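Q: Show me the folded form of this:
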Amino acid sequence: MHGPMRTDAAVSPSLATALETLRERGLGLRRGSEAPTLERARPSVPTGHPSLDAALGSGWPRGALSFLDTPAGSGATTLALGSLAATQAAGGLTAWLDLDGTLDPAVAARLGVSLEWLLVVRPRDCAEAIELAAWLGRSGLIDALVLDLGEQSAPERRSLDRLGSLLARSGSTSALMLAPAGRAVAGVVAGVRVGLHRSAWLAVGRDLVGQRVQAVVERHRWALAGGSADLDLWFGEGRRIDPLVATLAQPHLLEERPALRVVSA
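A: Now for the predicted structure:
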């Protein structure tokens, strides 16, 4: 879905309609069932990992921009999808702003995301992605969104500062940002910064099925920083191991490789 927004007042009608339809469907479902609801009075949304929730104080804070500070391939996308799945399971509405068009629906579904309750937006450029995130946050209808700026786009600090201010004023949406190319700017602006550091691969036999990472809360404006949690992040693509994977997988420590030496010219 495209959202060709250039100013606050120029939101795509199709995006606004899709968001409102999603909200109405969710409210209708909850009125007619015993489905859980994620109370807006809660100051945070779940990460999908109780140990990381504890390290953050209670989860990803609402009204804040949180940044996963990690190189590509270190589990940021997997953790972000798991956070949206946990938010949906608690009754919340979610969105993914997919600048590079790399979100794989099959992987998202395997990691627990309900695609019918996920609003996916494909912005045209980095600036539009940030503006759309601000509009969704200000709408008050989304509990958690992921701002995925891809591996090439570096955001402007002024735009991110404005996004953070709008999220804080709304106080209802938790925004999780992936921006490997914009680490210098995003790491300074974000109210919460979590670094992911791979410590081991998870394998069943010779098949790698996931990775073990240490999530370190490097910055938190509203709680003590410095907390950490060890997370097992499972791969969602390719051959999916059955639910017993957690008991079958064994950690394989990363190999230490000597630095390259030039011995002759």
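
Q: and the gap between the residue most central in space within the chain and Val204?
A: When the chain is reduced to its mean C-alpha position, the nearest residue by CA atoms, centre = their mean turns out to be Ala80, at 2.9 Å. Ala80 is 25 Å from Val204, where distance means CB to CB, to the nearest Å. The way it works is simple: take the backbone N, C-alpha and C, and place the C-beta from them, glycine included.

Q: Remind me which helix or strand the residue nearest to the centre of the chain belongs to.
A: helix 76-89 (DSSP states H and E).

Q: ok, now Leu147?
A: Leu147 belongs to strand 144-148, assigned by DSSP H and E.

Q: Need the residues that contact the next helix-or-strand element following that strand.
A: Downstream of strand 144-148, the first helix or strand assigned by DSSP H and E is helix 157-170. Residues outside helix 157-170 that contact it (CB atoms under 8 Å, 6 or more residues apart in numbering) are 63-65, 127, 130-131, 133-134, 137-138, 140, 173, 175, 185-186, 188-191.

Q: Which ones among these lie within helices?
A: Secondary structure from DSSP state H places 127, 130-131, 133-134, 137-138, 185-186, 188-189 of the contacts of helix 157-170 in helices.

Q: picking that back up, list the helices and strands the helix holding Ala80 packs on?
A: Helix 76-89 is packed against strand 44-45, strand 64-69, strand 94-98, helix 105-110, strand 144-148, strand 174-178, strand 228-234, with contacts defined by 3 or more CB pairs under 8 Å, 6 or more residues apart in numbering; DSSP states H and E.

Q: now it: mean pLDDT?
A: The average pLDDT within helix 76-89 is 96.

Q: relative to strand 64-69, how tilted is it?
A: Interaxial angle, helix 76-89 versus strand 64-69 (axes from the mean of the first three to the mean of the last three CA atoms, to 10 degrees): 150 degrees.

Q: In helix 76-89, which residues are buried?
A: Neighbour-count burial for helix 76-89, counted by 16 or more other CB atoms under 10 Å, picks out 76-89.

Q: With stretch 175-194 instead?
A: Buried residues in stretch 175-194 (16+ other CB under 10 Å): 175-183, 185-187, 189-194.

Q: Please state the offset of it from the chain centre?
A: 11 Å (CA atoms, centre = their mean, to the nearest Å).

Q: tell me how far the ends of that stretch are from each other?
A: Taking CA to CA, to the nearest Å as the measure, stretch 175-194 stretches 13 Å from start to finish.

Q: What of stretch 58-78?
A: First-to-last distance for stretch 58-78 - CA to CA - comes to 20 Å.

Q: That one: which residues count as buried?
A: So for stretch 58-78, counting by 16+ other CB under 10 Å, buried means 59-70, 74-78.
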